[in-house]
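Student: What shape does this take:
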Amino acid sequence: MAYLIIVSVVWGFSFGLIKGNLAGLDPYFVSLVRLSISLIVFLPFLRVRRMAPSMGVRLILTGAVQYGLMYAAYIHSYSSLPAHLVAVFTIFTPVYITVLEDVMSRRFHSRSVLMALAAVAGAAVITGVPDAFELRGFLLVQLSNICFAFGQVYYRRVLRGVKVSDASVFALLYAGGAGVCAVLSIFLTRWSEIRLEAGQMLTLLYLGLVASGLCFFLWNRGVRVSSVAQIAVMNNAKIPLAVAFSLLLFGESTGLPGLLAGGGILTGVLVLDHQMKRIPQ
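Tutor: Residues are numbered from 1 along each chain as shown. All right, here's what the predicted structure looks like:
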């Protein structure tokens, strides 16, 4: 789970960075650039000679949904919401993860569902009911959440029992994501209006190399070795971090007591899951 903790810290910082530096840019262009940089970084590690073609197709599909469709909706939501609300509206991701896992496995895991609901409650305490509720932005974030949840669950299943390293296949996920964003960008991006400042270029480079390239790899690697309950909880652990960074570094505002209380609940859920890990689901 150490991978998930490290990535949560990095992603917590990224919410405010995106809102502050990239919110005015075309979301499909931003997504395409981020994932293209990530693809270039991981291409040298790609090994497909011993991989079944069907597995390669499934990994490309995973990336198309988890990164391509997810990013298109996620970046677009910043045009309607402040960064800390984008983070808070990801609180339902744990529920989507447990539901998708149960649907794919055709079983019902009550413990995972309870942990996911507890994680949602903890994240919701951070701000309560937002004053400025933007339905369009909320729905875009939910679409993003579902896509990201699907990718995590499906990636675990595709590589279950397969003796390959994550690094040797991960370029396929970025290829799928970049491909989706390329198609969307070709038809929807107004290329003549794209003007990048130096700060935006540096932000895109950082996001492509670190927040997307390195962190998505570490996250999915962590997903493979963590329980469903841990994955669900850690998907919300980034929320108090994102809100804290948005408040302290990017000038947004929300209630500090709710932030502390919600963070405490999420920590408690992690401790409880650790204590219950020997109990069969």
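Student: where along the stretch 101-250 of the chain do the strands fall?
Tutor: With DSSP state E, counting those that start in this stretch, there are no strands along the stretch 101-250 of the chain.
Student: residue ranges with poor pLDDT in it?
Tutor: Where the stretch 101-250 of the chain drops to pLDDT under 70, the residues are 109-113, 115-116, 119-134, 236-250.
Student: Please enumerate the helices of it.
Tutor: 110-125, 135-159, 170-188, 198-206, 215-224, 228-248 (DSSP state H, counting those that start in this stretch).
Student: tell me what the fifth one is packed against?
Tutor: If contacts are counted by 3 or more C-beta pairs under 8 Å, 6 or more residues apart in numbering; DSSP states H and E, helix 215-224 sits against helix 2-22, helix 135-159, helix 170-188, helix 228-248. The C-beta positions use only the backbone N, C-alpha and C, and glycine is treated the same way.
Student: rerun that using 7 Å as the cut-off
Tutor: helix 2-22, helix 135-159 (3 or more C-beta pairs under 7 Å, 6 or more residues apart in numbering; DSSP states H and E).
Student: so can I have a markdown table of these showing mean neighbour count?
Tutor: Formatted as a markdown table, the helices and strands packed on helix 215-224 follow (neighbours: other C-beta atoms under 10 Å):
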| stretch | mean neighbour count |
| --- | --- |
| helix 2-22 | 20 |
| helix 135-159 | 20 |
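Student: Would you convert these into a markdown table that also reports distance to residue 38?
Tutor: Below are the helices and strands packed on helix 215-224 laid out as a markdown table (distance: least, C-beta to C-beta, whole Å):
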| stretch | distance to residue 38 |
| --- | --- |
| helix 2-22 | 14 |
| helix 135-159 | 14 |
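Student: Between these, which one is closest to residue 89.
Tutor: Among the helices and strands packed on helix 215-224, the nearest to residue 89 by C-beta to C-beta is helix 135-159 (4.1 Å).
Student: That closest one packs against which elements?
Tutor: Looks like helix 135-159 contacts helix 53-63, helix 70-77, helix 93-105, helix 215-224 (3+ C-beta pairs under 7 Å, 6+ apart).
Student: Give me the pLDDT value at residue 5.
Tutor: With respect to pLDDT, residue 5 scores 74.
Student: ok, back up a step: closest one to residue 32 among the helices and strands packed on helix 215-224?
Tutor: Taking C-beta to C-beta, helix 2-22 is the member of the helices and strands packed on helix 215-224 nearest to residue 32, at 12.7 Å.
Student: Extract the CA atoms of that closest one and return them as PDB.
Tutor: Below are the C-alpha coordinates for helix 2-22, written out as PDB (Å, rounded to 0.1, in the frame of the first residue of the first chain):
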ATOM      1  CA  ALA A   2       3.000   2.300   0.200                       C
ATOM      2  CA  TYR A   3       2.700   3.000  -3.500                       C
ATOM      3  CA  LEU A   4      -0.800   4.200  -3.000                       C
ATOM      4  CA  ILE A   5       0.200   6.500  -0.200                       C
ATOM      5  CA  ILE A   6       3.000   8.100  -2.200                       C
ATOM      6  CA  VAL A   7       0.800   8.700  -5.200                       C
ATOM      7  CA  SER A   8      -2.000  10.200  -3.000                       C
ATOM      8  CA  VAL A   9       0.400  12.900  -1.800                       C
ATOM      9  CA  VAL A  10       1.500  13.800  -5.400                       C
ATOM     10  CA  TRP A  11      -2.100  13.800  -6.700                       C
ATOM     11  CA  GLY A  12      -3.300  15.900  -3.800                       C
ATOM     12  CA  PHE A  13      -0.900  18.600  -5.000                       C
ATOM     13  CA  SER A  14      -2.000  18.200  -8.700                       C
ATOM     14  CA  PHE A  15      -5.600  19.300  -8.200                       C
ATOM     15  CA  GLY A  16      -4.700  22.900  -7.400                       C
ATOM     16  CA  LEU A  17      -1.900  23.000  -9.900                       C
ATOM     17  CA  ILE A  18      -4.300  22.000 -12.800                       C
ATOM     18  CA  LYS A  19      -6.900  24.500 -11.700                       C
ATOM     19  CA  GLY A  20      -4.400  27.300 -11.300                       C
ATOM     20  CA  ASN A  21      -2.300  26.800 -14.500                       C
ATOM     21  CA  LEU A  22      -4.400  24.800 -17.000                       C
END
